[in-house]
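**Student:** Kindly return the folded structure for what I paste below:
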Amino acid sequence: MENNIVFSGIQPTGEMHIGNYFGAVANYVRLQEAGQYQTIYCVVDLHAMTTPYDPAALRRNSEQMFIDLLACGLNPDRSIVFVQSMVPEHTELAWIFGCVCSYGDLTRQTQFKEKSEQLEGKQDAFISAGLFTYPVLQAADILLYRAANVPVGQDQKQHLELSRTIANRFNNQFGHYFPEPQMLATETPKILALSDPTKKMSKSLGPKSYVGLFDDEQTVRSKVRAAVTDTGDPDAPIGEGARNLLAILRACGRHDQAAAFEDEYAQGRPRRYAPLKDAVADALVALTSGLRLRRAALSADPQRVRRLIREGAEKARAIAQQTMRDVRRLTGVMAGSDL
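**Tutor:** Numbering: from 1, shown residues only. Just a heads-up that it's a prediction; the model follows:
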């Protein structure tokens, strides 16, 4: 039988911006609505512990991210949506995978080098072992549900390859059990920073660099109006900033408008970007206003939200517990039922 399980996780790093939405979450919803996959989505709060954090903020952000995912269109009746730390089998499998993953596998992970170098430049820098080993936990996240399909961007491709390596090594040592997960190729636009379109949109670049997914209309329009474009010289190539605005317009579903602006800019007259910015702002306001309404409705009923969080964890654990029963048997680890 074909494995149609899709798994993906998202860190609870505070409020989402449109780069997160168009780059990942909108795709989660599309895969859910396609009807051909069993979709499992996780708020990976354990991954957020690899760098210094505030415990109260982590819990608050995890619950808020769960709410935001539902506001964006994830449906607990059609997808399993849960918080990672409520399924302890993730960490149990991560330990077992850590014993079949080599030190060399982890030293080749470029994201550790990049993140640790960023921390080293700070006073009283602390680089946790978790920052080094979290790709093993990421492999456990995926393979705990025996997912064969993982929608990830190019920046996570190396981690997915490690998941495949770990699955293959486990299978060779203990008998074939885990699928080797494949990258699920989907169209996910890369949204760049409004203030510096040479970089990916990120809150770390400052408030002018991004549009929050739940920003109010005035904030959205102000940020888009201030976006970097180019001089408008018809003899020069269209700048990255203007191309980024066109990409945002397309991501909002306004393909005809984007094409009309491109045709206008190709006519050799001085380029005016104010109308483009107005169109992008209109499209984003239409998107964010609907999301804000759904988020407000969910936030107004905290008991329902907590019930949905518990139910999501129960559904995930039903799968995870079966996997770990099999894994314990294959690896020779004793379980309570053995006694």
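**Student:** What separation do you get for residue 66 and residue 75?
**Tutor:** Remark: distance between residue 66 and residue 75 (C-beta to C-beta, to the nearest Å) = 13 Å. C-beta here means a position set from N, CA and C on the backbone, and glycine is covered the same way.
**Student:** which of these two has more neighbours?
**Tutor:** A direct count of neighbours by other C-beta atoms under 10 Å for residue 66 and residue 75 places residue 66 higher, at 26 against 12.
**Student:** can you pull the contacts of that one?
**Tutor:** 43, 81, 83, 305, 308, 309, 312 (C-beta atoms under 8 Å, 6 or more residues apart in numbering).
**Student:** what do you get for residue 270?
**Tutor:** When contacts are taken as C-beta under 8 Å, 6+ apart, residue 270 is in contact with 232, 233, 234.
**Student:** Show me where the stretch 51-200 of the chain has its helices.
**Tutor:** 55-71, 89-98, 103-107, 110-120, 129-143, 157-174 (DSSP state H, counting those that start in this stretch).
**Student:** For residue 251, see how far away the nearest residue to residue 246 once chain neighbours are set aside is.
**Tutor:** Of all residues not flanking residue 246 in the chain, residue 258 sits nearest, at 4.9 Å (C-beta to C-beta, 6 or more residues apart in numbering). Using C-beta to C-beta, residue 258 is found at 10 Å from residue 251.
**Student:** likewise residue 23?
**Tutor:** Going from residue 23 to residue 251 by C-beta to C-beta gives 9 Å.
**Student:** which neighbours do these two share?
**Tutor:** Counting by C-beta under 8 Å, 6+ apart, the residues touching both residue 23 and residue 251 are 189, 191.
**Student:** and those two? which has more neighbours close in?
**Tutor:** Neighbour comparison, residue 23 and residue 251: the larger count goes to residue 251, with 25 against 19 (by other C-beta under 10 Å).
**Student:** My read is that that one contacts residue 192, right?
**Tutor:** No. Using C-beta atoms under 8 Å as the test, residue 251 is too far from residue 192 to be in contact (11.8 Å).
**Student:** which ones are touching the closest residue in space to residue 85 that isn't next to it in sequence?
**Tutor:** In space, and not counting its chain neighbours, residue 85 is closest to residue 45: 5.1 Å by C-beta to C-beta, 6+ apart. Residue 45 sits next to 11, 12, 58, 61, 62, 83, 84, 85 when contact means C-beta under 8 Å, 6+ apart.
**Student:** One more: residue 220?
**Tutor:** Residue 220 touches 211, 281, 284, 285, 288, counting by C-beta under 8 Å, 6+ apart.
**Student:** In terms of helices and strands, where is it?
**Tutor:** In the assignment (DSSP states H and E), residue 220 maps to helix 217-225.
**Student:** for residue 42, same thing?
**Tutor:** Per DSSP H and E: residue 42 is located in strand 38-43.
**Student:** So for that strand, mean pLDDT?
**Tutor:** When pLDDT is averaged along strand 38-43, the result is 97.
**Student:** sorry, back to before: any chance you could give me the helix holding residue 220 in PDB, C-alpha atoms only?
**Tutor:** Below are the C-alpha coordinates for helix 217-225, written out as PDB (Å, rounded to 0.1, in the frame of the first residue of the first chain):
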ATOM      1  CA  GLU A 217      -4.700  47.300   8.100                       C
ATOM      2  CA  GLN A 218      -2.800  50.400   9.100                       C
ATOM      3  CA  THR A 219       0.400  48.500   9.900                       C
ATOM      4  CA  VAL A 220       0.200  46.400   6.800                       C
ATOM      5  CA  ARG A 221      -0.200  49.500   4.500                       C
ATOM      6  CA  SER A 222       2.600  51.400   6.300                       C
ATOM      7  CA  LYS A 223       5.100  48.500   6.000                       C
ATOM      8  CA  VAL A 224       4.300  47.900   2.300                       C
ATOM      9  CA  ARG A 225       4.500  51.600   1.500                       C
END
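**Student:** Give me the next element, helix or strand, following it.
**Tutor:** With DSSP H and E, the next secondary element past helix 217-225 is helix 240-251.
**Student:** Flag every buried residue along the very next helix or strand once past that next one.
**Tutor:** Next along the chain after helix 240-251, taking DSSP H and E as the criterion, comes helix 255-265. For helix 255-265, the neighbour count (16 or more other C-beta atoms under 10 Å) marks 257, 258, 261, 265 as buried.
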